[in-house]
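Asker: Predicted coordinates and the sequence they were generated for:
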Amino acid sequence: MSTGRPALEYEATIRGLRARLAEARAAGLTVGFVPTMGFLHAGHCSLVERARAENDVVVVSIFVNPLQFNPGEDLEDYPRDLDRDLETCAKAGADLVFVPDTQEMYPEPVATTVRLGTLADVLCGASRAGHFDGVATVVAKLFSIMGECSAYFGEKDFQQLTIVSRMAADLSLPVRVVGCGTVREPDGLALSSRNAYLSEAERSQAPVLRRALEAGAALVQSGETDPTAVEAEMASVIATAPLAEIDYTAAVPASTLTADGPLRGDVRLLAAVRFGKARLIDNIGCRAG
Ligand code: PAF
């Protein structure tokens, strides 16, 4: 069935992408942008579909950014499948896929990076030092290449979404950052490229993460405002899964991501758990007080 749109195009150079975007803007078209590291799943598709619904032109980038991996993390093993990703992008409604290689993005050893404040030191930043500086650096570069656009990020990576939104505001980047709801498997597991690492036994226990967040939210909704009590409740649920190794559970104000006394207003409950090689993260929002 024809979608009425021209076929998906593919661009590997910054110069080429800028030229295409300049043409689109000269024609008065709005641009939606979905940055990814590839190995796309239904969560990414939901971002592309939202971008499709809100913009004239939709660009997806696929780039496994070495700056956001620490030594010993899964940069080399990070799952990749470009042919399947291009097919997925076409089906989800993208017009153009930007697929630079590392030489194109970082032709010289990187001398200029984005250095984030306290938002990057907590939660995932506490166990992945420098990770969010690497994310912010590549996102700032991608935003600079893209120019004025709306950029779509999943709430599954809530800390990343918070940091990127704040960076765009702090640096007056011409990008509207749009957060989109988490897409889940029927048993509640949030979709993630890293779910590919789970063994059958780990996969069967992984939904405990979502159940822990729901138990935390129920406690908050019942009137609990002590973050430590909520964090302990979530940890106790995760502890029922023998293959789970908790990195953190957290109950924090949604805007600062750092506990500052009793919970009130918009709260985010977050957790990171290792199942073997896979480090899974998830979060939900609730209201306290
Ligand atoms: O969420 C991701 O896939 C990555 O962190 C991003 C935003 C594409 C930057 O490399």
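Answerer: Received, thanks.

Asker: Checking D266 next. Helix, strand or coil?
Answerer: Classification of D266 using DSSP: H, G, I helix; E, B strand; the rest coil returns strand.

Asker: Distance-wise, check it relative to the ligand.
Answerer: The gap separating D266 from the ligand is 22 Å, by C-beta to the nearest ligand atom, to the nearest Å. For glycine as for every other residue, the C-beta is placed from the backbone atoms N, C-alpha and C.

Asker: Please give me every residue in contact with the closest residue to that residue other than its chain neighbours.
Answerer: Among residues not flanking D266 along the chain, A254 sits closest, at 4.1 Å (C-beta to C-beta, 6 or more residues apart in numbering). Contact analysis of A254 by C-beta atoms under 8 Å, 6 or more residues apart in numbering lists 265-268, 285.

Asker: Among those, which one lies nearest to the ligand?
Answerer: The ligand has its nearest neighbour among the contacts of A254 in R268, at 17.3 Å by C-beta to the nearest ligand atom.

Asker: Could I get the contacting residues of L219?
Answerer: By C-beta under 8 Å, 6+ apart, L219 lies in contact with 229-230, 233.

Asker: From these, list the buried ones, please.
Answerer: Buried by 16 or more other C-beta atoms under 10 Å: 230, 233, out of the contacts of L219.

Asker: Can you pull the phi and psi angles for the most centrally placed residue in the chain?
Answerer: Residue closest to the average C-alpha location in the chain (C-alpha atoms, centre = their mean): D157, at 4.0 Å. As for D157, its main-chain torsions (degrees, to the nearest 10) stand at phi -100, psi 70.

Asker: Check G38 too.
Answerer: In terms of degrees, to the nearest 10, the main-chain angles of G38 are phi 80, psi -170.

Asker: per-residue pLDDT, R5?
Answerer: For R5, the pLDDT comes out at 68.

Asker: Likewise for F275?
Answerer: So, for F275, pLDDT stands at 98.

Asker: Test my guess that it contacts A244.
Answerer: Yes. F275 is within contact range of A244, at 6.1 Å (criterion: C-beta atoms under 8 Å).

Asker: so what sits against both of those two?
Answerer: Common contacts of F275 and A244 (C-beta under 8 Å, 6+ apart): Q205.

Asker: How about residues contacting stretch 196-214?
Answerer: Under C-beta under 8 Å, 6+ apart, the answer for stretch 196-214 is 39, 74, 79, 184-185, 187-190, 195, 233-235, 237-238, 240-244, 249, 269-271, 273, 275-278, 280, 282-284.

Asker: Just the buried residues out of those residues, in PyMOL syntax.
Answerer: With 16+ other C-beta under 10 Å as the criterion, this PyMOL line picks the buried residues out of the contacts of stretch 196-214:
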select buried, resi 39+184+189+190+195+233+234+235+237+238+241+243+244+249+269+270+271+273+275+278+280+282+283+284
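
Asker: can you count the residues close to S193?
Answerer: When neighbours are counted by other C-beta atoms under 10 Å, S193 registers 19.

Asker: quick one: the helices in the stretch 1-150 of the chain?
Answerer: Per DSSP state H, counting those that start in this stretch, the stretch 1-150 of the chain carries helices over the ranges 14-26, 42-54, 82-92, 102-105, 124-127, 131-146.

Asker: do the stretch 151-289 of the chain as well
Answerer: In the stretch 151-289 of the chain, the segments counted as helices under DSSP H, counting those that start in this stretch are 158-170, 200-205, 208-221, 227-238.

Asker: from the chain's centre, how far out does the first one sit?
Answerer: Just to be clear, that refers to helix 158-170. The chain centroid and the centroid of helix 158-170 are separated by 11 Å under C-alpha atoms, centre = their mean, to the nearest Å.

Asker: what do you get for stretch 158-178?
Answerer: Computed by C-alpha atoms, centre = their mean, the separation of stretch 158-178 from the middle of its chain amounts to 12 Å.

Asker: residues in contact with that stretch?
Answerer: Stretch 158-178 is contacted from outside by 33, 50, 54, 114, 116, 119-120, 122-125, 132, 135-136, 139-140, 143-144, 146-155, 179, 255, 257, 268, 270, 283, using C-beta under 8 Å, 6+ apart.

Asker: And that stretch, what's buried?
Answerer: Quick answer for stretch 158-178 (16+ other C-beta under 10 Å): 158-168, 173, 175, 177-178.

Asker: as a whole number, average confidence for that stretch?
Answerer: For stretch 158-178, the mean per-residue pLDDT is 98.

Asker: could you dump it to PDB, C-alpha only?
Answerer: Extracted C-alpha coordinates of stretch 158-178, given in PDB (Å, rounded to 0.1, in the frame of the first residue of the first chain):
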ATOM      1  CA  PHE A 158      13.800   9.700  32.300                       C
ATOM      2  CA  GLN A 159      17.200  11.100  33.600                       C
ATOM      3  CA  GLN A 160      18.400  11.500  30.000                       C
ATOM      4  CA  LEU A 161      15.100  13.200  29.000                       C
ATOM      5  CA  THR A 162      15.500  15.600  32.000                       C
ATOM      6  CA  ILE A 163      19.100  16.400  31.200                       C
ATOM      7  CA  VAL A 164      18.500  16.900  27.500                       C
ATOM      8  CA  SER A 165      15.500  19.200  28.100                       C
ATOM      9  CA  ARG A 166      17.500  21.200  30.600                       C
ATOM     10  CA  MET A 167      20.500  21.400  28.300                       C
ATOM     11  CA  ALA A 168      18.400  22.700  25.400                       C
ATOM     12  CA  ALA A 169      16.900  25.300  27.700                       C
ATOM     13  CA  ASP A 170      20.200  26.300  29.300                       C
ATOM     14  CA  LEU A 171      22.000  26.700  26.000                       C
ATOM     15  CA  SER A 172      19.000  28.200  24.100                       C
ATOM     16  CA  LEU A 173      19.200  25.500  21.500                       C
ATOM     17  CA  PRO A 174      16.500  25.900  18.800                       C
ATOM     18  CA  VAL A 175      15.000  22.500  19.700                       C
ATOM     19  CA  ARG A 176      11.700  21.600  21.300                       C
ATOM     20  CA  VAL A 177      12.400  18.500  23.400                       C
ATOM     21  CA  VAL A 178       9.300  16.200  23.600                       C
END
